[in-house]
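# compute the structure for the input listed below.
(one chain, ligands or ions: 2)
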Amino acid sequence: MVESTADHSAPTAPARAFRLGVAGPVGTGKTSLIALLCRELADDIEMGVVTNDIYTDEDAQILRAAGVLEVDRIRAVETGACPHTAIRDDVTPNLIAVEDLEADHGPLDLVLVESGGDNLTATFSPALVDAQIFVLDVAGGGDVARKGGPGIARADLLVVNKTDLAPYVGVDVERMLSDAADARDGGPVIGLSRHDRASVDALTDWVLRMTDAVRGGRHTPVDPGPMAPHSHADEDGNVVVHTHGPEGDHPHEQPRTRTTHTHPHELRHHPLAHERPGA
Ligand SMILES: Nc1nc2c(ncn2[C@@H]2O[C@H](COP(=O)(O)OP(=O)(O)OP(=O)(O)O)[C@@H](O)[C@H]2O)c(=O)[nH]1
Ligand SMILES: [Mg+2]
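Ligands and ions are numbered 1, 2, ... in the order given. Predicted coordinates for the structure are as follows:
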């Protein structure tokens, strides 16, 4: 019998592109950040993009119109429901979109997946992406970074965007960045403005290093954690309160104008095996 000498404890390099999620509240600059990355990197690495919008394919159209990538490398998923459902609970439409993209244009190095804009608690499932960026902006207020939440605290990278607007909205950027670093236990934080070359270089550098780590099998996806309980209005205007925690076994409660439901899923956490390039 031949004994295997393979090291089964080491993460294996995926035979596919690095899937990088981009999440964050509405309007913080997720599509703009993806456009920026395509402009900066598409000459050097093979890229694709999947966007998520609730009712439209507007973000995909914006990126196609901007000419940042060949149009067929930009695919849209219309979620038709609260955006986090498609990046966390049932990732199938997104996985199919990513796999189709790779089948049509592969081998790709990097596929960027933009979440529909949502609240502070939305995070990607590690079943969909290998790493994720959470995007805040200074226009949302200097206090937001301090408020924490799974994306702010534990995404692989936190971006505080539109720093060029800080003087106009009365935000102290240095303070916001240091609050963010505190909320993240020192995890990487980048203050970004598309008008600030050094910040663009810091972002592209992080993405290239992470691409290298994932493609080289030196990165294990980490789940930033379940969403906190939150509410949405459904199509009939009723308030729907729900959680997405691993403890998702709360009793279902369906009064006339208020519905509580849960989306159980496995919580995966491998902090020790997780390589995090610094900012
Ligand atoms: N001043 C300034 N504006 C920016 C910057 N980045 C993005 N924006 C603007 O912010 C607005 C929202 O940007 P988007 O990229 O559409 O934001 P988003 O997060 O994708 O929005 P949703 O997908 O609707 O949640 C646009 O008007 C952008 O031009 C920046 O660095 N500086
Ligand atoms: Mg967008």
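# what number of residues lie near Gly217?
Other residues lying near Gly217 total 12 when counted by other Cβ atoms under 10 Å. (Glycine included, C-beta is placed from N, CA and C.)
# assign a three-state SS to it, would you?
Three-state call for Gly217 (DSSP: H, G, I helix; E, B strand; the rest coil): coil.
# can you report phi and psi for the closest residue to ligand 2 within the stretch 151-279 of the chain?
When distances are taken as Cβ to the ion, the stretch 151-279 of the chain reaches nearest to ligand 2 at Asn161, 11.9 Å away. Backbone torsions of Asn161, given as degrees, to the nearest 10, read phi -90, psi 170.
# wait, doesn't it sit right on Gly29?
Yes - here Asn161 lies in contact with Gly29, judged by Cβ atoms under 8 Å, at a distance of 4.2 Å.
# with neighbour numbers in mind, choose between those two.
The neighbour comparison of Asn161 against Gly29 (other Cβ under 10 Å) goes to Asn161, with 26 against 21.
# partner residues bridging that one?
The bridge-partner assignment for Asn161, based on DSSP bridges, gives Asp137.
# tell me, how many residues neighbour the residue of the chain found nearest ligand 2?
Among all residues of the chain, Thr31 sits closest to ligand 2, at 3.4 Å; criterion: Cβ to the ion. When neighbours are defined as other Cβ under 10 Å, Thr31 has 22 of them.
# repeat that for Ile96.
A count of nearby residues for Ile96, using other Cβ under 10 Å, gives 13.
# helix or strand for it, which one?
Using DSSP states H and E, the secondary-structure element containing Ile96 is helix 92-105.
# what comes up buried for that helix?
Using 16 or more other Cβ atoms under 10 Å as the test for burial, helix 92-105 gives 94-95, 97-98, 101-102, 105.
# that helix packs against which elements?
Here helix 92-105 touches strand 47-53, strand 74-78, strand 110-114, going by 3 or more Cβ pairs under 8 Å, 6 or more residues apart in numbering; DSSP states H and E.
# the longest one and ligand 1, any residue contact?
Read it as strand 47-53. No - contact check for strand 47-53 against ligand 1, using Cβ under 6 Å from any ligand atom: none in range, with a minimum separation of 7.1 Å.
# report the rounded mean pLDDT for the helix holding Ile96.
Along helix 92-105, the predicted local confidence has a mean pLDDT of 96.
# got the helices and strands packed on helix 92-105 as TSV, with mean neighbour count and mean pLDDT columns?
As requested, the helices and strands packed on helix 92-105 are arranged in TSV below (neighbours: other Cβ atoms under 10 Å; pLDDT from 0 to 100):
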stretch	mean neighbour count	mean pLDDT
strand 47-53	27	95
strand 74-78	21	94
strand 110-114	27	98
